[in-house]
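> Following is a predicted model, sequence given first.
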Amino acid sequence: MNITITPSAEGFMRRMIRFNGGTSNSGFRLVVTPGGCSGFNSEFTVEAAPLPNDAVLESNGVKVFLPAESRILLNGVTIDFADSAMSTGLTFINPNAQACGCSSSGTSTDSGVATVSIGSIQRRH
């Protein structure tokens, strides 16, 4: 897997895991599907353990659980976290994406950058 997670994104994921009562086995599950102008749509959950067939990407102690399709779609992508007056959430920097005027994941003026709001995160009950 060629996926880069920035320290800002790691910190956000770590906080979300801790907020959801995570243990040492818990991780941030990232599900990516094709679609949207950025090339994909995303959903997030915090899981107690990886689901069957998930790969575990560990970045400075943060576990990210990725299903097979997500691993393929995220190849070469950098995952960052942005917190500004206009938006807060994960940002996917995809050097292979083509620019357009819309995004189902969020908006960005930069080619290949999609911002996904923290509102996309689903809490497990």
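All right, it came through fine. Numbers count the residues shown, from 1 in each chain.

> When you work out contacts or count neighbours from here on, use the C-alpha atoms and nothing else.
Will do.

> For the residue nearest the centre of the chain, which three-state class applies?
Note on the chain: the residue nearest the mean C-alpha position is Leu30, at 5.3 Å, using CA atoms, centre = their mean. Secondary structure assignment for Leu30 (DSSP: H, G, I helix; E, B strand; the rest coil): strand.

> Which stretches in this protein count as helices?
With DSSP state H, the ranges of helices along the chain come out as 7-19, 68-73.

> ranking those by mean pLDDT, which is last?
When the helices of the chain are ranked by mean pLDDT, helix 68-73 comes last with a mean of 90.

> Who are the packing partners of that helix?
Other helices and strands packing on helix 68-73, by 3 or more CA pairs under 8 Å, 6 or more residues apart in numbering; DSSP states H and E, are strand 27-34.

> Give the buried residues for the strand it packs on.
By neighbour count with 16 or more other CA atoms under 10 Å, strand 27-34 contains the buried residues Gly27, Phe28, Arg29, Leu30, Val31, Val32.

> quick one: it to helix 7-19, angle?
120 degrees (axes from the mean of the first three to the mean of the last three CA atoms, to 10 degrees).
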